[in-house]
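In: no FASTA, just this:
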Ligand code: HEM
């Protein structure tokens, strides 16, 4: 009997233990699902500075190498700031499509504070009604299909002037074609924005100084400024970045004041009939803030105007001209591609006039060259940073609120997983009908090729930039044969990059342009 009771007790206690263990397992399993997801993997950083000292002279290259080690979504720490880097088309699409709303703000940075009028511009404006109003204004005045068409003659005019300038360039030292392209891009944009050209000719009247100012701004904006990430060191400005930004800002500010001042004095502004961006903004200027309301209620104060003009003159000039310069460098290195493009242009345009914008839709090979240039030489290799408004989950990892997002558009566009084994080769045919990437475009919906970014904060000037790059490259390819200075062979051409927020050529492209059309084509009417 005693034995039976003992056996029963044993059975009961074993069952209880089993139930307890099962409940514990269940509790752990359930709790497991609520365990916070891990943060993305990443390299160990230094005390205080984190990974900042490891970025090197070309952070987009370093980050591409880190992605090979840690995967296409990895984590860095810049001082006290958490950073995630997207380095594949799939991860970029999760951030910029699925989580775009959460990443529609830009992180705080000294460039926005000291150069861009303390975030009063469009590029760094907090995501909200004011940002929306500024984008809408740009679209209506410059970048919508209607505005773009209305300004067609301005772009064609400036390209014609650039060609005339090049046709008469006979220096033995050759011409810096990027500089000529920069004058063209800046003057076209200036006519649309402030109603007049800003430079008389390529070499003179401050054009070189202006380009240098834009390049300096991009270099400064590309520096990962220690003071931005380690608040205790901000006052020290260890890299001297803030001091340089303040000096540069004063020079830009004088230029922007000049545009507004001359218009208020009744000078500048073209024929007085066309409404450039400046006159639209001044017409609405009653010193109120553009923080929403209906379209009719938008109004802009003096600083709003200067900040937006500054954005256009900096974001819209060097990006455009350096892409044209890279395209020409690639074409000089790939004679077969250049010859094929010239044949297409001769067929569509002939030899007695220059290219016009209405020719562009028929230049399919040229369009493929432009895409291939944007792929290998995106002018903003790490795009512009975004910041997470809330915690979110991306590809099985936790990305906390306040994390900065960098999208390595340079690495994504060279990823063999998207582009195949010839990813590093200049091969425009991949974009032609029947090619491996026939349907891929640069306009923000094909994440393997996003030189203009994607999502809500995609480049506001995409339509203008793409049109200018295409028209300028088509015209230069059609109007001239190109040879390198000092009898340099194309294989010796230096293709090294100089890192900044925008990607310059380390060595400017120096060339001899040789006219190849009938003389009448080069006349400026
Ligand atoms: C080759 C030409 C250009 C390239 C490759 C380029 C690239 C970019 C990129 C990558 C961004 C960041 C997008 C993002 O955060 O996802 C951007 C933003 C911007 N770009 Fe461009 N850009 C070009 C030309 C232009 C032009 C011509 C203008 C104006 C005249 C312009 C004005 C802007 C502005 C205002 C923003 C900020 C948009 C915002 O924050 O809402 N860009 N651009």
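Out: Happy to help now that I have it. Just so you know, these numbers come straight off a predicted model, no measurement behind them.
In: residues near the residue in the stretch 251-400 of the chain that the ligand sits nearest to, how many?
Out: At 2.6 Å from the ligand, residue 316 is the closest residue in the stretch 251-400 of the chain, using C-beta to the nearest ligand atom. The C-beta positions use only the backbone N, C-alpha and C, and glycine is treated the same way. If you count neighbours by other C-beta atoms under 10 Å, residue 316 ends up with 25.
In: surely residue 499 and residue 55 touch.
Out: No - using C-beta atoms under 8 Å, residue 499 makes no contact with residue 55, being 9.7 Å away.
In: in terms of neighbours, single out the busier of the two.
Out: Ranked by neighbour count (other C-beta under 10 Å), residue 499 and residue 55 place residue 499 first, with 21 against 18.
In: so who does the more buried one touch?
Out: 57-60, 222, 381 (C-beta atoms under 8 Å, 6 or more residues apart in numbering).
In: check what pLDDT the residue of the stretch 1-150 of the chain found nearest the ligand gets.
Out: Closest approach between the stretch 1-150 of the chain and the ligand, counting by C-beta to the nearest ligand atom: residue 123, at 4.1 Å. Residue 123 carries a pLDDT value of 97.
In: same check on the one 10 residues further on?
Out: The score at residue 133 is 94. That number is its pLDDT.
In: run a quick neighbour tally on the residue of the stretch 1-150 of the chain closest to the ligand.
Out: 23.
In: next up, the contacts around it.
Out: 106, 112, 116, 311, 315, 384.
In: try it again with 7 Å
Out: Listed by C-beta atoms under 7 Å, 6 or more residues apart in numbering, the contact set of residue 123 reads 116, 311, 315, 384.
In: in helices only, show me those residues.
Out: Among these, DSSP state H puts 311, 315 in helices.
In: now the residue nearest the centre of the chain, what's its secondary structure?
Out: Geometric centre of the chain, nearest residue: residue 380, 3.8 Å, by C-alpha atoms, centre = their mean. Secondary structure for residue 380, judged by DSSP: H, G, I helix; E, B strand; the rest coil, is coil.
In: now it: closest residue in space that isn't a chain neighbour?
Out: Distance criterion C-beta to C-beta, 6 or more residues apart in numbering; nearest residue to residue 380, sequence neighbours excluded, is residue 502 at 5.8 Å.
In: you'd agree that neighbour is up against residue 323?
Out: No - if you go by C-beta atoms under 7 Å, residue 502 and residue 323 don't touch, sitting 9.5 Å apart.
In: does residue 83 really touch residue 408, like I thought?
Out: No - when contacts are counted by C-beta under 7 Å, residue 83 is not listed as touching residue 408 (11.7 Å).
In: pick out whichever of residue 502 and residue 323 has more residues nearby.
Out: Neighbours were tallied for residue 502 and for residue 323 using other C-beta under 10 Å; the higher tally belongs to residue 323 (29 against 24).
In: ok, now which ones touch that one?
Out: 373-374, 377, 379, 469.
In: hang on, it is in a helix, isn't it?
Out: Yes - counting by three-state DSSP, residue 323 is part of a helix.
In: for the protein, what lies in contact range of the ligand?
Out: For the chain, the contact set with the ligand under C-beta under 6 Å from any ligand atom comprises 122-123, 135, 189, 311-312, 315-316, 319-320, 323, 379-380, 383-384, 451-454, 457-461, 464-465, 469.
In: now these: which count as buried?
Out: Neighbour-count burial (16 or more other C-beta atoms under 10 Å) is assigned, among the residues of the chain next to the ligand, to 122-123, 135, 189, 311-312, 315-316, 319-320, 323, 379-380, 383-384, 451-454, 457-461, 464-465, 469.
In: now do the buried residues in stretch 105-125.
Out: For stretch 105-125, burial by neighbour count (16+ other C-beta under 10 Å) applies to 105-107, 109-117, 119-125.
In: poorly predicted segments of the stretch 351-500 of the chain, please.
Out: Within the stretch 351-500 of the chain, no stretch has pLDDT under 70.
In: about what we covered before: now list whatever residues contact both of residue 502 and residue 323.
Out: With C-beta under 7 Å, 6+ apart, residue 502 and residue 323 have common neighbours residue 379.
In: returning to what we had before: now do the contacts for the residue nearest to the centre of the chain.
Out: Taking C-beta under 7 Å, 6+ apart as the test, what residue 380 contacts is 319, 501-502.
In: returning to that earlier point: tell me the two of the contacts of residue 323 that are most distant?
Out: For the contacts of residue 323, with distances taken as C-beta to C-beta, the pair at the greatest spread is 377 and 469 (11.1 Å).
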